[in-house]
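> I need the structure of the sequence given here:
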Amino acid sequence: MITIDEEKCIGCGLCVKDCFTNDIEVIERKAKSKRARCIECGHCVAVCPTNAIILENYPSSEILEFEKGEFEIDPDQYLRSLKYRRTIRQFTDKQVEIEKIEKIIEAGRYSPTGGNQQNVSFQVVRDDIDSLRTMAIDGLNTMANLSIEEKKKMNVSWYVNLWKQMYRDYHDQNRKDGLFYDAGTVILVVSESVQNACIAAAHMETMVYAQGLGMVYSGFFTRVAAYSKEMKDYLQLEQGQQVVACLVVGYPSVTYLRTVPRKEAEVVWK
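The predicted structure is shown next:
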């Protein structure tokens, strides 16, 4: 819900026009909150020319005043960065700094969610990454040894040999890590909404690369997290939640010298 400072309010109606749920009205040249359908999106806070609106139960200290030149992104540079981006599967031993992880989380926290549900949470695994890796690789091996009917039902038949080999490589004396590639940080994006979590993960990925880091999305991990009871117990997910994305993050030990081509976009203009 919102609080409107009547002394500051000039009755311009900008908040009314931008309120998606039609929960604000202007009465006697002052904006009034109906307090019926507010989804706390903050559009009214952002658009008010006199800063007369406060979003209750949210820290005002987080609000930044817009300054031209400080908030815009150069579109050509952004597109070049996307073209240059590579999935990283070779990492150095250097651990990612806490400050950089916090910025990645911030990118996820500020990502849009449907109806402003803000129902995306995050789990950062660093100190216990060995336990998580072992649990996941063992779980994938268990999935690889399910019956033919069960594997077809889960649509995992194509990965069976790979998971079995990953298990053997990991448990031999060399402890080859074919899941997290020896990265030191894993960030799990958790939600009951696949759409909201995917949007957050995409923004987090951009922040990863903006800080000179690299990452790989581990689809294998999300599969085993959905299957393994041991993993579910370890993650302590709430009812309806799932691990939608797993970001394996670290400092790249490989340098790419150019972008690569892509297939032409399939676009229908109407």
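
> just the pLDDT for the residue most central in space within the chain.
Centroid-nearest residue in the chain, with Cα atoms, centre = their mean: Ala201, separated by 2.4 Å. For Ala201, the pLDDT comes out at 98.

> pretty sure it is touching Val189, no?
Yes - using Cβ atoms under 8 Å, Ala201 makes contact with Val189 at a distance of 4.8 Å. C-beta coordinates here come from the backbone N, C-alpha and C atoms, glycine included.

> what do those two both touch?
Common contact partners of Ala201 and Val189 (Cβ atoms under 8 Å, 6 or more residues apart in numbering): Gly108, Val244, Ala245, Leu247.

> hang on, the earlier thing: now do the contacts for the residue nearest to the centre of the chain.
Ala201 makes contact with Gly108, Val189, Tyr217, Val244, Ala245, Leu247 under the criterion Cβ under 8 Å, 6+ apart.

> the worst-scoring helix or strand of the chain on mean pLDDT - contacts with which helices or strands?
Sorting the helices and strands of the chain by mean pLDDT, DSSP states H and E puts helix 148-154 at the bottom, at a mean of 84. Counting contacts by 3 or more Cβ pairs under 8 Å, 6 or more residues apart in numbering; DSSP states H and E, helix 148-154 packs against helix 129-144.

> in the helix it packs on, what's buried?
Buried positions in helix 129-144, judged by neighbour count with 16 or more other Cβ atoms under 10 Å: Ile129, Leu132, Arg133, Met135, Ala136, Ile137, Asp138, Gly139, Leu140, Asn141, Met143, Ala144.

> quick one, what contacts Asp177?
Each residue near Asp177 by Cβ under 8 Å, 6+ apart is listed here: Arg133, Tyr170.

> same question for Cys41.
Cys41 neighbours (Cβ under 8 Å, 6+ apart): Phe20, Asn116.

> at 10 Å what do you get?
Remark: with contacts taken as Cβ atoms under 10 Å, 6 or more residues apart in numbering, Cys41 is in contact with Asp18, Cys19, Phe20, Thr21, Leu55, Pro112, Thr113, Gly115, Asn116, Gln118.

> right, and the third one touches Ile39 too?
Yes - between Phe20 and Ile39 there is a contact under Cβ atoms under 10 Å: 7.4 Å.

> neighbour-wise, which of these two wins?
Legend: neighbour count by other Cβ atoms under 10 Å for Phe20 and Ile39, higher for Ile39 (15 against 12).

> now the phi/psi pair for the more buried one, please.
Ile39 adopts backbone torsions of phi -100, psi 10, taken as degrees, to the nearest 10.

> joint contacts of Phe20 and Ile39?
In contact with both Phe20 and Ile39: Gly115, Asn116, using Cβ under 10 Å, 6+ apart.

> what about the residue of the chain most remote from its centre, distance to Glu6?
The centre of the chain is farthest from one residue, Glu28, which by Cα atoms, centre = their mean lies 43.6 Å away. Using Cβ to Cβ, to the nearest Å, Glu28 is found at 10 Å from Glu6.
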